[in-house]
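>>> this is a predicted model, with the sequence first.
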Amino acid sequence: MYNVELKNITLETTQTDVLQVVENICDQFKMENHFGTISTALHEMLSLMERFSEDIEAPFTINFFVEEEKVSVQVLNYRQWADVQRAFETCSVNDADATAFTAKSLLDVIEFHDGGIWMEIEAHVTADQPDRAQILHTETVKTALKNEIKSDINR
């Protein structure tokens, strides 16, 4: 298991910090296909936290845990977690503001505990993708060689 901890962060600057951690995790663990889901879910969650926060400069902690098949995120010491929980419990697709519904739809697990929030997103490691530029170059060279051989035969 891999763990990244952002301690004593504030809602004032956390969006950028979280996005950077998600990008690093996705790059390091070859989870590029999950970057959009993870970053959007966390962006929406942080937006909800900002909405309900009485003090955007109040420090809290976010822990990221990366396992083979999932990314878990734990928020600790966030004071208005009960308001966020209520938003999750009452959200629907018909809400004018879809922030809670979007986050809830993207998260595989969301649990609220006294003083904390636990989220999980299934994210499987992606096998190395073929280098398309290299394949295209190889095919171009092969085609050129075939054409050259045909031209030599026809002479």
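Arrived safely, thanks for sending. Owing to the predicted nature of the structure, the values given are computational and were not obtained by experimental measurement.
>>> ok, the residue nearest the centre of the chain - contacts?
Computing the C-alpha centroid of the chain and ranking residues by CA atoms, centre = their mean puts Ile38 first, at 2.1 Å. Contact criterion CB atoms under 8 Å, 6 or more residues apart in numbering gives Val22, Ile25, Cys26, Met31, Val71, Ile121, Ala123 as the residues in contact with Ile38. Heads up, the C-betas are built off the backbone N, CA and C, glycines and all.
>>> measure it to Gln20 for me?
When CB to CB, to the nearest Å is the yardstick, Ile38 and Gln20 sit 12 Å from each other.
>>> on that earlier part again, model confidence score at the residue nearest to the centre of the chain, please.
Per-residue confidence (pLDDT) for Ile38: 95.
>>> in which helix or strand does it reside?
Element membership for Ile38 (DSSP states H and E) is helix 35-52.
>>> what does Asp17 give?
Assessed by DSSP H and E, Asp17 sits inside helix 14-28.
>>> re the thing from before, what's the angle between the helix holding Ile38 and helix 14-28?
Going by axes from the mean of the first three to the mean of the last three CA atoms, to 10 degrees, helix 35-52 is angled at 160 degrees with respect to helix 14-28.
>>> for Met31, grab phi and psi.
The main-chain torsion angles of Met31 are listed as degrees, to the nearest 10 and equal phi -110, psi 30.
>>> and it, how far from Thr90?
The value you get for Met31 to Thr90, if CB to CB is used, is 31 Å.
>>> show me which of the two is the more surrounded one.
For Met31 versus Thr90, the count of surrounding residues by other CB atoms under 10 Å is larger for Met31: 20 against 10.
>>> follow-up on the earlier one: what's the helix holding Asp17 in contact with?
2, 4, 6, 9, 31-32, 34-35, 38-39, 42-43, 46, 62, 64, 66, 71.
>>> show me how to select, in PyMOL, the buried members of the residues you listed.
Selection of the buried residues among these in PyMOL, burial being defined by 16 or more other CB atoms under 10 Å:
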select buried, resi 6+31+34+35+38+39+42+43+46+62+64+66+71
